[in-house]
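*Asks:* I'll drop the sequence and a predicted model, then ask my questions.
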Amino acid sequence: MILGAIIGDTVGSIYEFNNHKSVDFPLFDPYCEFTDDSILTVAIAKWLVIDKKHSLEKLDECLVDFTKRYPNPMGAYGTGYLVWANSQNRKPYNSWGNGSAMRVSAVGWAFDTLEETLEIAKRSAEITHNHPEGIKGAQATAAAIFLARNGKTKPEIKDYITKNFGYDLSRTCDEIRPKYRFDGSCQGTVPEAMIAFLESKDFESAIRLAVSLGGDTDTLTCITGGIAEAFYKEIPQWIVDKILSMIPQEFEDVLGEFNK
């Protein structure tokens with residue numbers, strides 16, 4: 001659980017500013033590494049493990065702790081987020097950026113009802129990203145993961161997300177790819193990430209399709225990877241082994257605690 005998001009982030013890391021508009025590439029380039037997307041994904045998982053009340057105080061503590069202990073990832077933290085994390089009086093800064101969606105995947109796995117999933121996704125977003133689009137991106141991503149892990153079909157997931165969040169999921173990857181460019185917003189990243197998942201045949205093809213779209217590649221592919229893992233229920237073992245060799249032991253320990 002949540003390893004799919006970390007894989008997506010890591011695979012996409014080298015293409016954020018050098019988009020690769022094809023599904024043909026080595027899945028793990030020698031230069032790829034986890035970014036702030038993975039760091040904050042693990043921080044959210046840690047929050048869910050240690051705080052059964054899911055308080056904003058503990059969420060703040062986890063996000064800031066991981067940010068300060070992992071300060072220089074590839075694909076550096078967003079400027080607004082860093083200002084927030086280093087402030088002595090932290091308040092939400094009305095962001096609609098895709099950071100709220102990139103870090104939320106653990107929430108999609110953690111709860112027994114969709115209602116609670118949506119509420120905690122909102123809470124996880126609004127500590128920083130309290131703009132309606134920032135909240136919506138986190139909720140849509142967590143909802144897609146919840147639905148996928150609970151056996152909903154792709155048409156059912158697509159229908160729910162379209163009706164409840166208003167995202168246009170009717171496009172195809174081939175239609176998006178030619179003109180799609182870097183977009184750091186939730187509304188310009190989450191739908192594209194979901195379309196890559198919807199067109200995929202298995203976990204690896206989802207990752208490849210997401211990378212091929214371009215844009216904010218590590219974040220887009222992180223979101224796709226989180227949903228794809230929940231839907232396909234398994235990740236090829238060689239991919240799992242590879243990512244575990246690339247992340248800190250602390251990340252693996254948090255994942256183990258979360259999965260329990």
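*Replies:* Now that the structure is in, tell me what you want to look at.

*Asks:* mind listing what the residue positioned nearest the centre of the chain touches?
*Replies:* Note on the chain: the residue nearest the mean C-alpha position is residue 102, at 2.9 Å, using CA atoms, centre = their mean. Contacts for residue 102 (CB atoms under 8 Å, 6 or more residues apart in numbering) come out as 5, 9, 37, 40-41, 219, 222-223. C-beta here means a position set from N, CA and C on the backbone, and glycine is covered the same way.

*Asks:* and residue 76, that's in a strand?
*Replies:* No: with DSSP: H, G, I helix; E, B strand; the rest coil as the criterion, residue 76 is coil rather than part of a strand.

*Asks:* Tell me which helix or strand the closest residue to residue 90 other than its chain neighbours sits in.
*Replies:* The shortest distance from residue 90 to any residue other than its chain neighbours is 5.5 Å, reached at residue 84 (CB to CB, 6 or more residues apart in numbering). Counting by DSSP states H and E, the element that carries residue 84 is helix 79-85.

*Asks:* Pull out the CA atoms of that helix and give them to me as PDB.
*Replies:* Once side chains and other backbone atoms are set aside, the C-alpha atoms of helix 79-85 remain, and they are given as PDB (Å, rounded to 0.1, in the frame of the first residue of the first chain):
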ATOM      1  CA  THR A  79       8.100  27.600  -2.800                       C
ATOM      2  CA  GLY A  80       4.800  28.200  -1.000                       C
ATOM      3  CA  TYR A  81       5.100  24.900   0.900                       C
ATOM      4  CA  LEU A  82       8.600  25.600   2.000                       C
ATOM      5  CA  VAL A  83       7.600  29.100   3.300                       C
ATOM      6  CA  TRP A  84       4.800  27.400   5.200                       C
ATOM      7  CA  ALA A  85       7.000  24.600   6.600                       C
END
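
*Asks:* What is it packed up against?
*Replies:* Packing contacts for helix 79-85, counted by 3 or more CB pairs under 8 Å, 6 or more residues apart in numbering; DSSP states H and E, involve helix 56-69.

*Asks:* Now do the helix it packs on, average pLDDT.
*Replies:* Confidence over helix 56-69 (mean pLDDT, whole number) is 97.

*Asks:* neighbouring contacts of that helix?
*Replies:* Helix 56-69 has contacts (CB under 8 Å, 6+ apart) with 36, 39-40, 42-44, 46-47, 50-51, 77, 81-82, 85, 90, 123-124, 127-128.

*Asks:* out of these, which are buried?
*Replies:* The neighbour-count criterion (16 or more other CB atoms under 10 Å) marks 36, 39-40, 42-44, 46-47, 77, 81, 85, 123-124, 127-128 among those as buried.

*Asks:* Now tell me which of these the prediction trusts least.
*Replies:* The member of the buried ones among the contacts of helix 56-69 with the lowest pLDDT is residue 77, and it reads 93.

*Asks:* For the residue nearest to it when sequence neighbours are not counted, give me its contacts.
*Replies:* Across the structure, with CB to CB, 6+ apart as the measure, the residue nearest residue 77 apart from its sequence neighbours is residue 36 (4.7 Å). Contacts for residue 36 (CB under 8 Å, 6+ apart) come out as 67, 70, 73, 75-78, 81, 99.

*Asks:* give me that answer again for 10 Å
*Replies:* Listed by CB atoms under 10 Å, 6 or more residues apart in numbering, the contact partners of residue 36 are 9, 43, 66-67, 70-78, 81-82, 99, 102-103, 218-219.

*Asks:* just residue 232 next, same as before
*Replies:* With CB under 10 Å, 6+ apart, residue 232 has these contacts: 4, 148, 197, 200-206.

*Asks:* for residue 228, same thing?
*Replies:* Taking CB under 10 Å, 6+ apart, we find residue 228 in contact with 4-5, 7-8, 145, 148, 193, 196-198, 200, 202-207, 209-210, 221, 235.

*Asks:* now do residue 220
*Replies:* Here residue 220 is in contact with 8-9, 12, 15-16, 37, 98, 101-102, 180, 182-183, 188-190, 192-194, 196, 210-211, 213-214 (CB under 10 Å, 6+ apart).
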